[in-house]
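>>> curious how this folds, go ahead:
(chains A, B, C and D)
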2 protein chains.
Amino acid sequence: MKLPGNLRFTINEKLYLKDPESSVLGRKILKHGILLIDEIGFEAFTFKKLGDCIASNESSIYRYFENKHKFLLYLSSWYWSWVEYRMLFAIQNIDEPLQKLHKVVYEVTCEIKDDVNTEYIDEAVLNRIIISEYSKAFMSKEIDKENKDGFFIVYKNVISLLADIIAEVKPDYLYSKALASSVVVGALNQHFIKQHFKSITEFTEPNKDVPTFYIQTLDKILL
Amino acid sequence: MKLPGNLRFTINEKLYLKDPESSVLGRKILKHGILLIDEIGFEAFTFKKLGDCIASNESSIYRYFENKHKFLLYLSSWYWSWVEYRMLFAIQNIDEPLQKLHKVVYEVTCEIKDDVNTEYIDEAVLNRIIISEYSKAFMSKEIDKENKDGFFIVYKNVISLLADIIAEVKPDYLYSKALASSVVVGALNQHFIKQHFKSITEFTEPNKDVPTFYIQTLDKILL
DNA sequence: ATAAAATGATAGTTTTACTATTAACTTTGA
DNA sequence: TCAAAGTTAATAGTAAAACTATCATTTTAT
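Below is the predicted model of the structure:
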């Protein structure tokens, strides 16, 4: 699938102090922040280490983001905006609900292998981060407050978009939202366990992959 | 379902320095540790605060557990042992695979409402902790090492047990393990979002609940 | 060329996540 | 019953994390 290059998405303004896309330093923070989290993990990640990485100062990074948690929420927002964009792109000019469902499910369950679009965001690495760190972004005691602030809107949009297409395929189905969120969370989880808990997954076997599993499963549930 | 009181499970010895079930202080650590994590969340939880809670000393708690991460892994192990136990109990003397599946799925997807069994472990509160904190237990950079040390065996056993029963119901099904892990993780997630992201779930509606959804869904997939 | 804005360097604070030491208390077993 | 052994409490101390504040310097925009 070919997407226009140099994408930009509107990110909730409360997630940053200064727009990181607006300056060279800001874009360096995004780019190397993603690489560093992927490398050492979110717990070990600090703004001090990131400062060293980009030969810049800890306090300079604090001028862009309040703390590393907000930074992760920013990256997550960007990621889900990008997924939503790909989903909408994939169903352009398609009318048949089932075909739409298959396309959308593919986009939301596939693993990203290449850095295709943005110069300062490596989507493949960001995808890895979401797979292994996203749950930490919302599983905190501040979730209800942050939810009110709209930090998870894009994520919920992705799920709602899938839920709507499920409802188009089978209007009398009672659990389109639960099913949609199962697919989105489940796919992230399958990608995670296929790397770390190989004994409880089939996706290390040839000819078996996550999108196919979900598409077949949805067909069985809905048709 | 009636279970024998005062359960004890064998927990991986590397998860603790001194067996907390063996002393009064140890049991206080378990009991109030669970309550405190539930109250303030795992990030804010420290051994210092727990020490204040039980009018004991920080350093005394460190004699039982290396750090709070190991403590969470200990609690998780206990929890999944208890789930596995309930699953096996539920299918005693039942031969029909589909009936076994239904019973087992109920046990693994239901929400625990009461503290039924153990004096120093409130299962309902522990269930809440697992719903909102379990992913933090394995989503760390140490996962592969910890997996080798067997810290997640019980969790994987629960999933394998479910996968085996799925395979009994439909021997030619290709994704019994992926499906089993989808159910276990998915159920935790559904309980989480029904509390925090009400717009993307149906489980706040009357007559809709998580176990029913999963049982119906599995029937559609497998029959 | 100059003012304004952005960044860097340095230093300081509070909290977390521990470790070490020693004192006090409790158990047990001869 | 008494002493040794083991357990727990109190205190102190360290290193790193997670910031905040200040001021100097560099960059940029007009």
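
>>> what's around residue A:131, how many residues?
Residues lying near residue A:131 (other CB atoms under 10 Å in any protein chain shown) number 20. For glycine as for every other residue, the C-beta is placed from the backbone atoms N, C-alpha and C.

>>> cool, and residue A:174?
Quick note: residue A:174 (other CB under 10 Å) scores 15 neighbours.

>>> in chain A, what residue lies closest to DNA strand D?
Closest residue of chain A to DNA strand D, CB to the nearest atom of the strand: residue A:67 (3.0 Å).

>>> count the neighbours of that residue for me.
By the criterion of other CB under 10 Å, residue A:67 has 10 neighbours.

>>> up against DNA strand D, what does chain A have?
Selection of chain A residues close to DNA strand D by CB under 7 Å from any atom of the strand yields A:24, A:44, A:46, A:48, A:58, A:59, A:62, A:66, A:67, A:68, A:69.

>>> nearest to DNA strand C, of those?
Of all those, DNA strand C sits closest to residue A:59, with 4.1 Å by CB to the nearest atom of the strand.

>>> can you name the next helix or strand after the host helix or strand of the closest one?
Under the criterion of DSSP states H and E, residue A:59 resides in helix A:58-62. Using DSSP H and E, the helix or strand that directly follows helix A:58-62 along the chain is helix A:68-90.

>>> mind listing what's buried along that following helix?
A:68-87, A:90 (16 or more other CB atoms under 10 Å in any protein chain shown).

>>> so it, near chain B or not?
No - Helix A:68-90 stays clear of chain B (CB under 8 Å from any CB of the partner chain), getting no nearer than 9.2 Å.

>>> avg pLDDT for that helix?
Averaged across helix A:68-90, pLDDT comes to 97.

>>> helices of chain A, residue ranges please.
A:24-40, A:47-53, A:58-62, A:68-90, A:97-109, A:123-138, A:143-148, A:153-169, A:176-196, A:210-222 (DSSP state H).

>>> measure how far the fifth one is from the centre of its chain, please.
On the basis of CA atoms, centre = their mean, to the nearest Å, helix A:97-109 sits 16 Å off its chain's mean C-alpha point.

>>> so where's chain A uncertain?
Applying pLDDT under 70 to chain A flags residues A:1-5.

>>> go again using 80 as the cut-off
Residue ranges of chain A with pLDDT under 80: A:1-7, A:115-117.

>>> ok so, going back, can the helix holding residue A:59 be said to contact DNA strand C?
Yes - applying CB under 7 Å from any atom of the strand, one finds that helix A:58-62 is in contact with DNA strand C at A:58, A:59, A:60.

>>> who does that helix touch, helix- and strand-wise?
helix A:47-53 (3 or more CB pairs under 8 Å, 6 or more residues apart in numbering or on different chains; DSSP states H and E).

>>> mind listing what's buried in the helix it packs on?
In terms of neighbour count (16+ other CB under 10 Å), helix A:47-53 has its buried residues at A:47, A:50, A:51, A:53.

>>> quick one: the residue sitting furthest away from the middle of chain A from residue B:209, how far?
In chain A, residue A:172 marks the outermost C-alpha relative to the chain mean, sitting 29.4 Å out by CA atoms, centre = their mean. As judged by CB to CB, to the nearest Å, residue A:172 and residue B:209 stand 19 Å apart.

>>> ok, now residue A:60?
Distance of residue A:60 to residue B:209, computed by CB to CB: 50 Å.

>>> shouldn't residue A:78 be in contact with residue A:11?
Yes - with contact defined as CB atoms under 8 Å, residue A:78 counts as touching residue A:11 (6.3 Å).

>>> tell me how many other residues surround residue A:203.
By other CB under 10 Å, the residues close to residue A:203 number 19.

>>> got it, and residue A:41?
Neighbour count for residue A:41, taken as other CB under 10 Å: 17.

>>> one more: the one 3 residues further on?
Other residues lying near residue A:44 total 12 when counted by other CB under 10 Å.

>>> within range of DNA strand C, give me the residues from chain A.
By the rule CB under 7 Å from any atom of the strand, the part of chain A lying against DNA strand C is A:18, A:23, A:24, A:25, A:26, A:55, A:56, A:57, A:58, A:59, A:60, A:63.

>>> check the gap between the first one and residue A:50 for me.
Spatial separation of residue A:18 from residue A:50 under the definition CB to CB is 15 Å.

>>> now swap in the third one and tell me
Distance check for residue A:24 against residue A:50: by CB to CB, it reads 15 Å.

>>> for residue A:61, same thing?
Counting by CB to CB, the separation of residue A:61 from residue A:50 is 6 Å.

>>> what is in contact with those two at once?
The contact sets of residue A:61 and residue A:50 overlap at residue A:29 (CB atoms under 8 Å, 6 or more residues apart in numbering or on different chains).

>>> what's the burial count for residue A:116?
Residue A:116: 14 surrounding residues under other CB under 10 Å.

>>> hmm, it is touching residue A:123, no?
Yes - between residue A:116 and residue A:123 there is a contact at 6.2 Å, judged by CB under 8 Å.

>>> show me the contacts for residue A:26.
Contacts for residue A:26 (CB under 8 Å, 6+ apart) come out as A:18, A:19, A:20, A:64.

>>> who are the neighbours in contact with the first one?
So that's residue A:18. Counting by CB under 8 Å, 6+ apart, residue A:18 makes contact with A:26, A:63, A:64.

>>> want to try JSON lines for these, with distance to residue A:205 as columns?
Putting those into JSON lines (distance: CB to CB, whole Å) gives the following:
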{"residue": "A:26", "distance to residue A:205": "43"}
{"residue": "A:63", "distance to residue A:205": "49"}
{"residue": "A:64", "distance to residue A:205": "44"}
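
>>> from those residues, pick the one nearest chain B.
Nearest to chain B among the contacts of residue A:18, counting by CB to the nearest CB, is residue A:64 at 22.4 Å.

>>> ok, that closest one to residue A:138 distance?
Distance, residue A:64 to residue A:138, using CB to CB: 22 Å.

>>> count of neighbours near residue A:22?
Residues lying near residue A:22 (other CB under 10 Å) number 11.

>>> residue B:39 versus that one, what's the distance?
As defined by CB to CB, residue A:22 lies at a distance of 41 Å from residue B:39.
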